[in-house]
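> Would you be able to build a 3D model of this:
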Amino acid sequence: MDLLPKVLEACRKRDLLIPGDSVVVGVSGGPDSVALLDLLHRMASSWGLSLAVVHLNHMFRGEQAEQDLRFCEELAAHLDVPFFSYRIDVTRYSQEHGLNKQHAGRILRYRAFSEVANKIGATKIAVAHHRNDVVETFFMRLLRGAGLQGLSSIPPKQGSVVRPLYEVTRDEVEAYCSQRGLAFRIDPSNSSEKYWRNKVRLRLLPFLEQEFAPNLVEVTARFVEIARSEHQLLEELTEQSWEQIAIKKCIDGEAVQVALDLEQLVSVPLALRRRLVQRSYLELGVSDYQLSFAHVHEVLTLVESGSGQVDLPRGIRARICDGALQLGTVEPVHTSAAGPIPAAVSSHGLAMGVNSLRQLGLKIILEQCTAFPEPDSLAQQLSGQEGLWHSQGSWQVWMDEDKLVPPLQCRFRQAGDRFNPLGMKGSKKLKDYFIDRKVPVRLRDDIPIICDQTGIVAVVGYQQAERTRLTEQSSSAVHITVERMTEVPSAQSRGQDETPKL
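Numbers count the residues shown, from 1 in each chain. Below is the predicted model:
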């Protein structure tokens, strides 16, 4: 099967490449990227393309990874294409930045591609995602409860990044490599069901194809196209509504608050209301983090009730004030002579990513992982950290994602708290747990407690709940890292009210 006509048509139809482009090609050595490089090399003369190959050794697999690098270097030399390689300790980077290895590797790959593109003046970065990758990503996001944006899966073009194999299937790639006699490398981890994407590819999709839809890939790809176009339409409508009802206030030239007129906000459809909340949050510029459905729902509950406030990730608070929904940065106010004002919110919501709880002096990182340490080693790791929180100000724990009832929250102990520590069959009062562990009374009120919607899941610095334990059957984990940003505020100072700076 010659894929060249299909790839040429995709490039023209989707405006992926134009004659004269200088293209950085990401090549891992696998069949997909080898096929992509071969196809672009065949296009090069007639389209006037200038190519360069970039390979990243993630330093996961020792000598095998070195062989992959040498293979890619020889392939580029055979085609007379410039070759650039990087050796980066992705594992170390992932640990330093609180990311899983797959996400860290993706960040570093695209960083390497962009660096080479800037160095040589390339106009495009070509990567080898094909139709099966799009479908796998769709189902992974569907199972996580994504909205239209997530269900739009991998786009054919994103800035300077293009995917010429977008309309090609995995079977077609393999047939093309066979027909052209192309050698390639196989990554053994691709067959390991330790990774969630592999489990979706190796187990879920074959089952659905066999039992329900033989043409699953094509059917799903059509839905992805529909979802993407409808998402784009809603984004345009959201932007129009934003221009009408949003007010951005600044102090000293720095944006600190966004306000949406409450009357106009409740008049638009629910789908736009959700997107306007997301748009307002992103407008504050604290990060590119996307609020979870639960956080957006909390904000819209405020809108419906016409009063109240809720804390959001990255130190942002939403509240109803002066006939508007206001989102702004949280800054402590000084206590009056009469003493501290009682806090309106005792629990602080947590979402995936970095949660900066400035009022508590804490940074809490939640990371979804499909790869995690062996369950047998985790209890020992946890035990080795016990009590170190008070001296080191950092602590981490791994939990079975399927056993958590989100959203998670962080708070301090309350009267009547009960806890089911790891290894125990029943629960016990948190007070008794502290007594058993000989935790000084003076420290107990300042130990962070992490809860889900059914109760305590972790006592920071000490132990996690038995029901959150990872097992050999676990398929997805949440890695929680808690760090002290500054000295944790005392129980008395936590009584201060914190309001958005206007």
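
> list the helices and strands the longest helix belonging to the chain packs on?
Longest helix in the chain by number of residues (criterion: DSSP state H): helix 216-245. For helix 216-245, the helices and strands in contact under the criterion 3 or more Cβ pairs under 8 Å, 6 or more residues apart in numbering; DSSP states H and E are helix 131-143, helix 148-151, helix 205-211, helix 262-267, helix 270-283. (Glycine included, C-beta is placed from N, CA and C.)

> list the buried ones in the shortest one?
So that's helix 148-151. The neighbour-count criterion (16 or more other Cβ atoms under 10 Å) identifies 148-151 as the buried residues of helix 148-151.

> Contacts for stretch 170-181 next, please.
Taking contacts as Cβ atoms under 8 Å, 6 or more residues apart in numbering, the residues outside stretch 170-181 that touch it are 1-3, 6, 31-32, 34-35, 38, 130-132, 165, 182, 184.

> Could you list the buried residues of it?
Result for stretch 170-181 [16+ other Cβ under 10 Å]: buried residues 170, 172-173, 176-177.

> per-residue pLDDT, residue 16?
pLDDT recorded at residue 16 is 97.

> could you measure the nearest residue to residue 149 once chain neighbours are set aside against residue 442, distance?
Spatial nearest neighbour of residue 149, chain neighbours left out: residue 231 (5.4 Å); criterion: Cβ to Cβ, 6 or more residues apart in numbering. Applying Cβ to Cβ, to the nearest Å, the value for residue 231 to residue 442 is 53 Å.

> what do you get for residue 219?
For residue 219, the distance to residue 442 - Cβ to Cβ - is 62 Å.

> Can you pick out the residue with more neighbours from those two?
Set residue 219 next to residue 442 and count neighbours by other Cβ atoms under 10 Å: residue 219 wins out with 14 against 7.

> what number of residues lie near the residue lying closest to the more buried one once chain neighbours are set aside?
Of all residues not flanking residue 219 in the chain, residue 213 sits nearest, at 5.8 Å (Cβ to Cβ, 6+ apart). By the criterion of other Cβ under 10 Å, residue 213 has 13 neighbours.

> Return the per-residue confidence for residue 213.
For residue 213, pLDDT reads 95.

> what number of residues lie near residue 411?
As a burial measure, residue 411 scores 17 neighbours (other Cβ under 10 Å).

> show me what contacts the residue lying closest to it once chain neighbours are set aside?
Of all residues beyond its chain neighbours, the one nearest residue 411 is residue 347 (4.4 Å), with distances taken as Cβ to Cβ, 6+ apart. Applying Cβ under 8 Å, 6+ apart to residue 347 gives the contacts 409-411, 451.

> Taking these, tell me the two that lie furthest apart.
For the contacts of residue 347, the maximum inter-member distance is 7.8 Å, found between 410 and 451 (Cβ to Cβ).

> Phi and psi next, for the residue nearest to residue 407 when sequence neighbours are not counted.
Excluding the flanking residues, the one nearest residue 407 by Cβ to Cβ, 6+ apart is residue 294, at 4.3 Å. Backbone torsions of residue 294, given as degrees, to the nearest 10, read phi -60, psi -40.

> Can you read off the pLDDT for residue 294?
Residue 294 is assigned 85 on the pLDDT scale.

> circling back to that earlier point, who wins on neighbours among the contacts of stretch 170-181?
Busiest of these [other Cβ under 10 Å] is residue 165, holding 29 neighbours.

> State the distance from the nearest residue to residue 192 once chain neighbours are set aside to residue 189.
Distances taken as Cβ to Cβ, 6+ apart place residue 198 nearest to residue 192, at 5.9 Å, with adjacent residues excluded. Applying Cβ to Cβ, the value for residue 198 to residue 189 is 8 Å.

> Compare those two and say which one has the larger neighbour count.
Counted by other Cβ under 10 Å, residue 198 and residue 189 do not tie: residue 198 has more neighbours, with 16 against 13.

> residues touching the more buried one, list them.
Taking Cβ under 8 Å, 6+ apart, one finds 189-192 in contact with residue 198.

> May I see those residues arranged in a markdown table, with pLDDT and distance to residue 465 as well?
Shown next, in a markdown table, are the contacts of residue 198 (pLDDT from 0 to 100; distance: Cβ to Cβ, whole Å):
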| residue | pLDDT | distance to residue 465 |
| --- | --- | --- |
| 189 | 82 | 31 |
| 190 | 83 | 34 |
| 191 | 84 | 34 |
| 192 | 81 | 29 |
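
> tell me what the host helix or strand of residue 112 is packed against?
Assigned by DSSP states H and E, residue 112 belongs to helix 101-120. Contact analysis of helix 101-120 by 3+ Cβ pairs under 8 Å, 6+ apart lists strand 22-26, strand 50-57, strand 83-87, helix 90-97, strand 124-126 as its packing neighbours.

> which one of these has the lowest average pLDDT?
helix 90-97 (a mean of 81).

> and it, what does it pack onto?
By 3+ Cβ pairs under 8 Å, 6+ apart, helix 90-97 packs against helix 101-120.

> now do 10 Å
Contact here means 3 or more Cβ pairs under 10 Å, 6 or more residues apart in numbering; DSSP states H and E; on that basis helix 90-97 packs against helix 101-120, strand 362-369.

> Pull up the pairing partners for the shortest one, direction included.
For strand 362-369, the paired strands and their directions (DSSP bridges) read strand 353-357 (antiparallel), strand 477-484 (antiparallel).

> right, so of these, which gets closest to residue 282?
Among the strands paired with strand 362-369, strand 353-357 comes nearest to residue 282, with 13.2 Å by Cβ to Cβ.

> Which positions in the longest helix of the chain come out as buried?
Applying 16+ other Cβ under 10 Å to helix 216-245 flags 216-217, 220-221, 224, 227-228, 231, 234, 238, 241-242, 245 as buried.

> Okay, now the unreliable bits of this structure?
Scanning the chain for pLDDT under 70 picks out 98-99, 249-256, 285-289, 330-346, 376, 486-502.

> then stretch 398-416 to CSV, C-alphas only?
The C-alpha trace of stretch 398-416 is given here as CSV (Å, rounded to 0.1, in the frame of the first residue of the first chain):
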residue,chain,number,x,y,z
TRP,A,398,0.3,7.2,45.9
MET,A,399,-3.4,6.3,45.9
ASP,A,400,-5.6,4.1,43.7
GLU,A,401,-7.5,6.7,41.5
ASP,A,402,-10.5,4.4,41.1
LYS,A,403,-11.0,4.3,44.9
LEU,A,404,-11.2,8.0,45.4
VAL,A,405,-14.4,10.0,45.2
PRO,A,406,-13.4,13.5,43.9
PRO,A,407,-13.1,16.3,44.3
LEU,A,408,-10.3,16.1,46.9
GLN,A,409,-10.0,18.7,49.6
CYS,A,410,-7.4,19.9,52.1
ARG,A,411,-8.3,21.0,55.6
PHE,A,412,-7.1,20.6,59.2
ARG,A,413,-8.6,18.3,61.8
GLN,A,414,-12.1,18.6,63.1
ALA,A,415,-13.9,17.3,66.1
GLY,A,416,-15.1,13.7,65.5
